[in-house]
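> pasting a predicted model and its sequence here:
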Amino acid sequence: MSAATTTYREAMREAIREALRRDDRVFLMGEDVGAYGGCFAVSLGLLEEFGPERIRDTPLSEAAFVGAGIGAALGGMRPIVEIMTVNFSLLALDQILNNAATLLHMSGGQLNVPLVIRMTTGAGRQLAAQHSHSLEGWYAHIPGLRILAPATIEDARNMLWPALEDPDPVLIFEHGSLYGMSGQPRPGPVDITSAALRRSGKDITLIAYGGTTGKALAAADALSAEGIEADVIDLRVLRPLDDATIVESVGNTHRAVIVDEGWRSGSLSAEIGTRIVEQAFYQLDAPIQRVCTAEVPVPYARHLEEAALPQVPSIVAAAREAVAS
Amino acid sequence: MNERAEFVMPSLGADMESGAVAEWLVKPGDRVRKGDVIAVIDTDKATIEVESFHTGTVESLLVGTGRRVPVGTALAVIVGIPPAAEPVSPEPAPAQPLRKRARPRRPTPARLPAPGAPHVPSPVASPLVRHLAEQRGVDIARVRGTGPQGRVTRADVEHVEPSPQAKVSPQAKVSPLARRLAAQFGVDLADVHGTGRAGAIRAQDVREAAERGAGPRPPEAVEEATRPPAEQAEARAVPEADLERRREAMRQAIARAMARSKREIPHYYLSATVDLTGALAWLRERNRDLPVSRRLLPAALLLKAAARAAAEVPRLNGFWIDDAFVPGKAVHLGVAISLKGGGLIAPALHDAARLAIEDLMAALKDLVSRARTGRLRGAEMTEATITVTNLGDQGVEAVHGVIYPPQVALVGFGKILDRPWAVDGLLGVRPLVTVTLAADHRATDGYTGGRFLGIVDRLLNQPETL
C-alpha cells in the first residue's frame, strides 16, 4: 500500500471502497450517501463506481433505515449504515438498543446482527447544539455493541474491515473535526480491541479518544516543554474498554487526566476514572483529573463553543494540577 | 507522666500470621520490666515465651488465653514510666512488629511493579476507614482486617485502642501510592513533609524521606506481609490448638516461607569436604575428663566454626531487604531443629561467634530442648542472621538448603563419615564432613561463598581456636 498523503475522509472512503470490493454482501446506506456524496463527502464518487444497489440513499428516517440495516444483516448481508450525526441517531436508538444490540441475547444465541453503523460525532465546527454533541458514551453503555472511535488516519482506513467481520453490531464514531486531517497512513490491519499508547512519558497519563486525541498529544508537547512527560492513550475502542492499557500506564505514571468531549456527569470519563480507582487505587499519587465539555448544550457562537469544549490549555492545566497536587 | 503502651501479639517469624496466648505470666497490677517474660504464645510452630518491651505496670489484659488473634493485635496494656527514665536500649526492641512491611517482589523503588504482576499492598482499607483511623490515632498497619480479603473495616479500627500519639495529623493528606511506599520502605508518615496541595504527602516525598533515613526499619522488625487472603480470614478462628491443626499450620507456614525463598532468592550452592581428624581428636581429648553432661558434641564445633566464619564474612550474615543487603549486628546463628511431630523450626543462638564453645554447647542443648517442648522466646524466633542445618544424624551426606528469607545464606552439614582421603600423597581413612553453603546471589557471589567455606575448613582444622 502506498504511503501517499491522504485525508481522514479519503481514508474512510477507501475503507468503504475496499469493503465493497472484497465482499459482495457489503453495501452502504444512509441519508445523502449516494447522489450528494455524503453529508461529509465521505462517499463521494462511490455511487458512480458501485451503482445504486450498493450505495443507497434513504428517506430521512433513522429508525427506518437503521431497522432496514438490521433486517439486511439478519438476512445475510453486511450493511454499512451511515447516520449523519450522533444527535440524529437518537431517532434510531430503539433499533440500535432494542434490536441490534439485543437480538443475539433474545434469540438465545441464534441471531447475530453483523451490522456496522458509522456516524459523525462531536463539536468544534459551529454547527450548534443539535449537531454537535458527543453521545458515544451513551452507546458505550450498551452491552452487545462494540464502539470504535478512530482518531487517526490509520484507524479510519483500517478499522472498518474488522468491524464488518465482527458477527455483532459495531458502531464507528467519526469526529467531525477529523475529516480534513491529512497524513500518510501506515498500512493495516489494525485490531478493534485495544487502546493505543500514542506517546510515552513517565509523569502523567493523558487518556483521550477520537477528537480529543490530537488535543491530548498537543497538550503533551506543551507539557514536555515544562518538563512533564506524558503517556497519551488513544482509547480507540470505547466498548469494551481496554482496562489493561489504562491501568498499566497509570501504574507507571501514578497520575491521570481523562479528556472526554462528552459531558462530565455519567460520562465515559466517569467510567474510566472509576476503573482506575477500582484497579489501580494504590498506584495513584494524585487525584484523577477530568477535562470534559461544559454541561451546557454546545453553543453556536465560536468563542462560546471553544470555551465549552476541552482544549489544549485546559488539558495542560489539568495535568499541571495533577502533578502539583 | 504515665505512658500507656500496648503489648501486641508479636511476629515470631516471617511466616507467623497469628497466635494465641497459651498462658499469661502476669496479671493486672503486676510490675513488669522490659525483657521480662510475661506471656506464653502458641504459634503455628511452637509455644514461645514472649518478653515485654516496656517497663511499667500491667493495666489490663485484653485477650484471654486460647483465643487465636492476628499478629499485631493488642494483648495487654502496660502503663509505664516515661521512656527517658528508662536506660536507653542501644538497639530497637527487636521482635516488636509494629508495622507490617510490605516487601515488593521486584523492589525497585523508582518504578513499582507493573500492575499485572502480583504485588503486596499495605493493609487494604477504604479511604474512609483510613481517615477514621487517622482521626482516632490508630496506625492502620497494626490493624488486622476482618473484612473480605482481609480488608480493614470501620469496626476493626473502632475496636483498636488509639495509640498514645497519633502518627499523622488528622488533616494530613496522603496519596494511596505514597502510603504504600511508606509501608514498603518503613517510612513513618509523621516524618514526611508533604509537598502537594495543602501539604499532601506524595510518593516523591516518601522516597525522599526514605533516602534521608526515615527508614528502613531495622531488619529485626521486618515482617513478611505476603499472605493469601483466605488465610487472613482463617486466622480469626478461635479453636484450641489441637496437634493436627498445628501440624497443618506449620506445614503451611513452612510452605509460604520456602516458596517465597525459592521465588525471590537466586540461590547458588557451594560445597567443600572438610577433614575432621584433628577436630575430633581435640574433642575426644577435651571430653575425656568431663562428666557426660558437659561433654561437647561435634555439632558444637561445626556450629561454632560456621558462626566464626560468618563473622569473618559479614556479607553472608544479614538480610536482603528492599533491594539491599542489611548486615546483621552480630552473628545470631539460626539452628534448624526438626520437631517430633514433623516440621521444622530455626531459633537463634545469640551472638554465637563470641560464645565460648562450652557456652555454645549449653545454649544449643537448651535451645533444642525448649524447641522440642515448645518453649522458645520471641527474640530467638526472629533474630537469626544466618541459619545452619545439620542433617548428619539422618545419614545425609550433603544438604543443599533453602535460605530462610530475608536471610542471605544457609549452611549445611552432612554426616561425618570415615572415607578414604589423600593426605600428603598417602591414602588414609579420615572422618570427613561435607559442608555446603546455599547463598543469595543478589547479596554475594561465589567468590565470597568460597571464602566462607575456606574459613570453615581452616577453623575446623584449628579446633583449639574455636
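Right, received. Where do you want to start?
> after the lengthiest strand in chain B comes which helix or strand?
Once chain B is assigned using DSSP state E, the strand that runs over the most residues is strand B:426-440. Toward the C-terminus, strand B:426-440 is succeeded by helix B:446-460 as the next helix or strand (DSSP states H and E).
> which stretches of chain A form helices?
Using DSSP state H, the helices of chain A run over residues A:8-22, A:46-50, A:62-74, A:86-89, A:93, A:103-106, A:136-139, A:153-158, A:160-165, A:213-225, A:243-253, A:268-280, A:302-308, A:312-324.
> what packs against the longest one?
Meaning helix A:8-22. Helix A:8-22 is packed against strand A:26-30, helix A:46-50, strand A:78-85, helix A:153-158, helix A:160-165, with contacts defined by 3 or more Cβ pairs under 8 Å, 6 or more residues apart in numbering or on different chains; DSSP states H and E. C-betas here are computed from N, CA, C, even on glycine.
> report pLDDT for residue B:118.
Predicted confidence (pLDDT) for residue B:118: 39.
> if we can go back for a sec, check which residues of the longest strand of chain B are buried.
Within strand B:426-440, the residues that qualify as buried by neighbour count (16 or more other Cβ atoms under 10 Å in any protein chain shown) are B:430-440.
> got the helices and strands packed on helix A:8-22 as JSON lines, with mean pLDDT columns?
As requested, the helices and strands packed on helix A:8-22 are arranged in JSON lines below (pLDDT from 0 to 100):
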{"stretch": "strand A:26-30", "mean pLDDT": "98"}
{"stretch": "helix A:46-50", "mean pLDDT": "97"}
{"stretch": "strand A:78-85", "mean pLDDT": "97"}
{"stretch": "helix A:153-158", "mean pLDDT": "96"}
{"stretch": "helix A:160-165", "mean pLDDT": "98"}
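> same list (these) but as JSON lines, adding distance to chain B and mean neighbour count.
Formatted as JSON lines, the helices and strands packed on helix A:8-22 follow (distance: least, Cβ to the nearest Cβ, whole Å; neighbours: other Cβ atoms under 10 Å in any protein chain shown):
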{"stretch": "strand A:26-30", "distance to chain B": "39", "mean neighbour count": "23"}
{"stretch": "helix A:46-50", "distance to chain B": "45", "mean neighbour count": "16"}
{"stretch": "strand A:78-85", "distance to chain B": "37", "mean neighbour count": "24"}
{"stretch": "helix A:153-158", "distance to chain B": "26", "mean neighbour count": "25"}
{"stretch": "helix A:160-165", "distance to chain B": "26", "mean neighbour count": "21"}
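> any chance of TSV for the ones you listed, columns distance to residue B:207?
Below are the helices and strands packed on helix A:8-22 laid out as TSV (distance: least, Cβ to Cβ, whole Å):
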stretch	distance to residue B:207
strand A:26-30	56
helix A:46-50	59
strand A:78-85	49
helix A:153-158	39
helix A:160-165	44
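> of all these, which one is nearest residue A:91?
For residue A:91, the closest of the helices and strands packed on helix A:8-22 is strand A:78-85, at 8.8 Å, according to Cβ to Cβ.
> how about residue 12, what does it touch?
Went with chain A since none was named. For residue A:12, the contact set (Cβ atoms under 8 Å, 6 or more residues apart in numbering or on different chains) comprises A:42, A:118, A:156-157, A:160, A:174, A:179.
> wait, chain B was what I had in mind.
For residue B:12, the contact set (Cβ under 8 Å, 6+ apart) comprises B:19, B:41, B:43, B:45, B:48, B:50, B:95, B:376, B:378, B:381-382.
> so where is the stretch 201-350 of chain B shaky, pLDDT-wise?
Using pLDDT under 70 as the threshold, the predicted model of the stretch 201-350 of chain B has low-confidence ranges B:213-243, B:340-341.
> where do the helices of it begin and end?
Ranges of helices in the stretch 201-350 of chain B, per DSSP state H, counting those that start in this stretch, are B:203-209, B:229-234, B:243-264, B:277-287, B:298-312.
> relative to helix B:277-287, how tilted is the last one?
Put simply, helix B:298-312 runs at 120 degrees to helix B:277-287, going by axes from the mean of the first three to the mean of the last three Cα atoms, to 10 degrees.
> same for helix B:298-312, what does it pack against?
The helices and strands touching helix B:298-312, judged by 3+ Cβ pairs under 8 Å, 6+ apart, are helix B:277-287, strand B:333-335, helix B:357-373, strand B:386-390, strand B:409-413, helix B:446-460.
> and the third one, average pLDDT?
Right, helix B:357-373. Taken as a whole, helix B:357-373 has a mean pLDDT of 83.
> quick check: buried residues in that helix?
Of the residues in helix B:357-373, those buried by neighbour count under the rule 16+ other Cβ under 10 Å are B:357, B:360-364, B:367, B:370-372.
> closest one to residue A:280 out of those residues, please.
Each of the buried residues of helix B:357-373 was scored against residue A:280 by Cβ to Cβ, and residue B:371 proved nearest at 44.9 Å.
> neighbours around the residue nearest to residue B:313 when sequence neighbours are not counted, how many?
Residue nearest to residue B:313 in three dimensions, not counting chain neighbours: residue B:452, with 4.6 Å by Cβ to Cβ, 6 or more residues apart in numbering or on different chains. Residue neighbour count, defined by other Cβ atoms under 10 Å in any protein chain shown, stands at 27 for residue B:452.
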